[in-house]
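>>> Just a sequence and a predicted model for now, questions to come.
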Amino acid sequence: MTKRFLLCLTIAAFSVCSLSATEVKSTQNLTFYFPSFTSVDFAFANMPAVDDKRVDFCCEAAFTGQLLEKFVHTNIADDHVASGTVYQGYKCRANTGAFAWKDGKWFFMQKKDFHPKNAHYFMAFCQYLLMLDGKLQPMWERMRKNRTRYRALCEKEGRLCLVESNKVVTLEFFMKSLVNAHVTHAIYLDMGAGWNYAWYRDTQGTVRELFPESKKAKDFKYRTNWVVFRK
């Protein structure tokens, strides 16, 4: 086997590895995670295991209603879809939008346009809508100055990504930062101690954890659902 052939194999292997990893980019205020995926799904009850090589990125998605010891779908905010099956959740007034995946395409929409029983989505969930078609959505006055580390599922320049604030900021500042970053669609993802834990794979296939300290939070065991990017 020639050295040239070995070099070609090494380059090819590196290229495949790079393509199957989450790309991370940062600005002054935001960090962007661009997963490598062929499908998006919705997991419930148990977070995907880190040894599941098909998963490139996963994090908490919809709100959880109560701290229950046993999982029930009615503890997830609003109706949701996982692997093509529609489940009934509790009615959540805070949710103003939805995200869905179907036939290789993703959809951001207002909640009033979300009809999962008729649309035949592969996956879908409801959340607080931040941006749609490049326009900021109405912001509740009492939430405007809420300070925390924010995360959202977004579309930027035709690519699906997860976006986090680099530090504790107000919701108003986070949303303005998304506008400045030329994000066109954005929907909130549940955060807070316990719920902000997430993981992804880097270019070496190594699992990288976000907010690993969250695994020690008292509410960590009460999480109910996750958006999952699969290769």
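All right, it came through fine. Just so it is clear, the model here is predicted, and its values are computed rather than measured. Numbering: from 1, shown residues only.

>>> any idea how far Glu155 lies from Asp51?
30 Å (C-beta to C-beta, to the nearest Å). In short, each C-beta sits where N, CA and C put it, glycine included.

>>> Mind checking which of those two has more residues around it?
More crowded of Glu155 and Asp51, by other C-beta atoms under 10 Å: Glu155, with 18 against 7.

>>> Excluding chain neighbours, give the residue nearest to the more buried one in space.
In this structure, Glu155 finds its nearest non-sequential neighbour in His185, 4.2 Å apart by C-beta to C-beta, 6 or more residues apart in numbering.

>>> likewise Gly134?
Gly134 sits nearest to Thr184 (C-beta to C-beta, 6+ apart), 4.8 Å away.

>>> Do I have it right that that neighbour meets Lys156?
Yes: judged on C-beta atoms under 8 Å, Thr184 makes contact with Lys156 at a distance of 6.9 Å.

>>> thinking again about what came up before, and the next helix or strand past the strand or helix carrying the residue nearest to Gly134?
Secondary structure assignment for Thr184, by DSSP states H and E: strand 183-188. Next helix or strand after strand 183-188 toward the C-terminus (DSSP H and E): strand 198-201.

>>> That following strand: how far from the chain's middle?
Strand 198-201 sits 11 Å away from the centroid of its parent chain (C-alpha atoms, centre = their mean, to the nearest Å).

>>> Stretch 113-131: which residues count as buried?
Using 16 or more other C-beta atoms under 10 Å as the test for burial, stretch 113-131 gives 114, 116, 119, 121-131.

>>> Just list the residues touching Phe229, thanks.
Residues in contact with Phe229 (C-beta atoms under 8 Å, 6 or more residues apart in numbering) are 35-37, 39-40, 55-58.

>>> Quick one: residues contacting the residue lying closest to Met47 once chain neighbours are set aside.
Leaving aside its sequence neighbours, Met47 sits nearest to Trp226 (C-beta to C-beta, 6+ apart; 5.4 Å). Neighbouring residues of Trp226 by C-beta under 8 Å, 6+ apart: 42-44, 47-48, 58-61.

>>> And Ala62, by the same measure?
76-78, 80, 89, 95, 125-127, 190, 224-225.

>>> rerun that using 7 Å as the cut-off
With contacts defined as C-beta atoms under 7 Å, 6 or more residues apart in numbering, Ala62 is in contact with 76-77, 80, 125-127, 190, 225.

>>> Also Ala181?
Contact analysis of Ala181 by C-beta under 7 Å, 6+ apart lists 27, 30, 156.

>>> Which one (most neighbours) among those residues?
Most neighbours among the contacts of Ala181, by other C-beta under 10 Å: Leu30, with 21 neighbours.

>>> do you know how far that one is from Ala181?
Distance, Leu30 to Ala181, by C-beta to C-beta: 6 Å.

>>> go on, Ala124?
Distance from Ala124 to Ala181, by C-beta to C-beta: 25 Å.
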